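# please find the sequence and the predicted model below.
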Amino acid sequence: SQFWVTLRRFNIDRLGSLIAGIGMLVFGLATSGARPDAGQIAAYLVLFTCSVVIYNSFLTMLMTLGIWLVRVENLWVIGEVVQDVARFPADIFASQLKQFLTFVVPFTFIGSISARQLTKGIDLPMVGIGLLWAANFFGAGRLYWQFALKHYASASS
């Protein structure tokens with residue numbers, strides 16, 4: 001059931017955005033002259049996977065609120081706002097906001113921290129932090145889902 005909620009809004013039309021994103025990544029690396037080695041690519045893939053887990057877990061927790069709230073569609077707006085914030089490189093934010101979006105609410109992992117591994121070298125502490133955030137978000141999402149199901153009361157009860 002949790003898997004269904006996670007993929008409830010999956011849209012096959014968004015695959016074009018994925019392909020365009022991969023194209024932009026390849027184009028950006030080619031034009032910048034950056035030549036990432038195997039370690040940098042591995043760090044990128046690990047942090048990219050972490051960012052998918054973080055974002056997916058965040059959305060799952062938002063959608064879990066739908067068990068008690070009637071209008072779930074408004075919750076998707078919050079997810080889209082997070083996605084919009086994550087599109088920008090972390091470096092454009094003021095220092096304190098950058099720290100907040102990296103270490104308190106890890107939304108910079110979704111967009112820029114993983115890509116930085118390809119251009120500026122491997123940042124092993126960030127890889128470790130990304131793994132911790134992903135594990136924490138996944139665990140919290142799973143626990144919250146189980147809590148919500150345990151405390152669910154249907155409209156007819």
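Nice, I can see it.
# okay, CA-based contacts and neighbour counts for the rest of this
Fine.
# going along the chain, name the helices of this structure.
2-7, 15-32, 38-64, 73-87, 95-99, 108, 114-120, 124-150 (DSSP state H).
# look up how far Pro36 lies from Leu15.
Distance, Leu15 to Pro36, by C-alpha to C-alpha, to the nearest Å: 25 Å.
# who has more neighbours, those two?
Pro36 (17 against 11; other C-alpha atoms under 10 Å).
# so of the helices of the chain, which one's packed in deepest?
Of these, the one with the most neighbours on average (mean count of other C-alpha atoms under 10 Å) is helix 108, at a mean of 25.
# please give me every residue in contact with the most centrally placed residue in the chain.
When C-alpha atoms, centre = their mean is applied to the chain, the residue found nearest the centroid is Tyr55 (2.8 Å). Shown in contact with Tyr55 (C-alpha atoms under 8 Å, 6 or more residues apart in numbering): Phe107, Ile110.
# same deal with Ile113?
Leu47, Ala90, Met126.
# closest to Phe137 out of the residues you listed?
Leu47 (13.9 Å; C-alpha to C-alpha).
# ok, that closest one touching Ile129?
No: the criterion here is C-alpha atoms under 8 Å, and Leu47 misses it with Ile129 at 9.4 Å.
# could I get the contacts of Ile113 in a markdown table, plus columns for distance to Ala115 and pLDDT?
Shown next, in a markdown table, are those (distance: C-alpha to C-alpha, whole Å; pLDDT from 0 to 100):
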| residue | distance to Ala115 | pLDDT |
| --- | --- | --- |
| Leu47 | 9 | 92 |
| Ala90 | 11 | 75 |
| Met126 | 12 | 90 |
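# between these, which sits nearest Gly28?
Ala90 (17.2 Å).
# show me the contacts for the residue lying closest to Phe100 once chain neighbours are set aside.
In space, and not counting its chain neighbours, Phe100 is closest to Pro106: 7.7 Å by C-alpha to C-alpha, 6 or more residues apart in numbering. Pro106 makes contact with Ile54, Phe100, Trp133, according to C-alpha under 8 Å, 6+ apart.
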